[in-house]
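Asker: Fold the following, please.
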Amino acid sequence: MLSSKLYNPVTLGEDYIVLKHIDKRLLLESYKKLFDIDVTRMFNEIETINLCKCLKTGYIYFSPFTIIGDEQFYKDLQHYEWYYQSEKWEFEISRKHIVKGHLLEIGCGNGDFLDSLKNKHLLTFQGTELNSDAVNICKSKNLNVGHKSLSDFQSDSFDYIVSFQVLEHISAINDFFVNSYRVIKRGGKLIISVPNTKSYVFYPFTDYYLQNGSLLLNMPPHHVGWWNNSSIQKVAKLFGFHLKKIYFEPLPFYRKELVQINLQNQLKNIVFSKLFNILPYYLMKKMFNGETILVVLEK
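Answerer: From the prediction side, this is the model:
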């Protein structure tokens, strides 16, 4: 069971600050209005959610840690066709770093990335997933996927661990990195993608988060941690990993309008704000990154 005690999920200590308090009723109303999902059960007797920051790494997270999404919540989101994407920007880049050996994917969803590895004949692979419906889909594809956690695997047993868009959903950050380091072989790679909260897709944090579905999903109980270029590198280094490569997703066309809206929320100068509204996509793509960071780390 996750503790409701306030602490830093990276260091497990008290080296954090509280940045903001959020009224849970606003979240409940927004999830119901925008997604027709009742998330009341995940907040129980909690009235206020804390947005906190790790002083050592800059990682930003929500507490208490009991506000994490449950299996039914993700089943509800799975009804939307866009939720599980069969091909992601980070998949193609990650495959270039994977050659041979044994690979584990944490939070593999419907198994689309694992399925794309079948032509790599020098590679064996398996995955873990908490959503039972997704596990069944993986098994229908003859993929070795189950409900295991990192702590269930033996030390030095994998050449690669990959995890796409997972770390923002969990509070057990210390456990993830400690066990990843333990389970990966010396010289092995940990490949992670996370939303880039410093991207103008998500930045700045304003009341508009509660009015737009894309932004609301960056809040509990969906996302319980916010990452950026600096914090993911500092956390990885803290647990002994070395950065080999970092990639930033190009701005997708369908995010152009959201970036413009977020810029308006930040810019106080009305003239500059209007200029960004008329910028063509090719220029915006050169000026702004998309919403995802991919890091390749080595033990």
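Asker: Where does the residue lying closest to residue 245 once chain neighbours are set aside fall, secondary structure wise?
Answerer: Excluding its sequence neighbours, the residue lying closest to residue 245 (C-beta to C-beta, 6 or more residues apart in numbering) is residue 296, at 4.3 Å. Every residue, glycine included, has its C-beta placed from N, CA and C. Assigned by DSSP states H and E, residue 296 belongs to strand 289-298.
Asker: So what touches that strand?
Answerer: The contact list for strand 289-298 (C-beta atoms under 8 Å, 6 or more residues apart in numbering) reads 88-90, 93-94, 97, 165, 187-196, 199, 201-202, 227-229, 232-233, 236, 241-252, 255.
Asker: Quickly list what the residue nearest to residue 245 is bridged to.
Answerer: residue 191, residue 245 (DSSP bridges).
Asker: any idea how far it lies from residue 34?
Answerer: Residue 296 sits 35 Å away from residue 34, taking C-beta to C-beta, to the nearest Å as the criterion.
Asker: one step back: whichever of the contacts of strand 289-298 end up buried, select them in ChimeraX.
Answerer: Here is the ChimeraX command that selects the buried residues among the contacts of strand 289-298 (16 or more other C-beta atoms under 10 Å):
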select :88,89,90,93,94,165,188,189,190,191,192,193,194,195,196,199,201,202,227,228,229,232,233,236,241,247,248,249,251,252,255
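Asker: Next step: the contacts of strand 289-298 restricted to helices.
Answerer: Here DSSP state H is the test, and the contacts of strand 289-298 give 89-90, 93-94, 229, 232-233, 236 as lying in helices.
Asker: Closest one of these to residue 24?
Answerer: Closest approach between the ones in helices among the contacts of strand 289-298 and residue 24, by C-beta to C-beta: residue 232, at 27.6 Å.
Asker: So for that closest one, what's the nearest residue that isn't a sequence neighbour?
Answerer: Sequence neighbours aside, residue 295 is the residue nearest to residue 232 in space, at 5.6 Å (criterion: C-beta to C-beta, 6+ apart).
Asker: Okay, the one you found and residue 229: tell me how far apart.
Answerer: Applying C-beta to C-beta to residue 295 and residue 229 gives a distance of 9 Å.
Asker: which residues are common contacts for these two?
Answerer: residue 246.
Asker: Now do the strands in the stretch 101-250 of the chain.
Answerer: 101-106, 123-128, 145-146, 158-164, 184-195, 225-226, 242-250 (DSSP state E, counting those that start in this stretch).
Asker: angle of the longest one against strand 242-250?
Answerer: Same thing as strand 184-195. Using axes from the mean of the first three to the mean of the last three C-alpha atoms, to 10 degrees, the direction of strand 184-195 lies 30 degrees away from that of strand 242-250.
Asker: Run through the neighbouring helices and strands of strand 184-195.
Answerer: Counting contacts by 3 or more C-beta pairs under 8 Å, 6 or more residues apart in numbering; DSSP states H and E, strand 184-195 packs against helix 89-96, strand 158-164, helix 229-238, strand 289-298.
Asker: That strand to strand 158-164, inter-axis angle?
Answerer: Using the same axes, to 10 degrees: strand 184-195 against strand 158-164 is 10 degrees.
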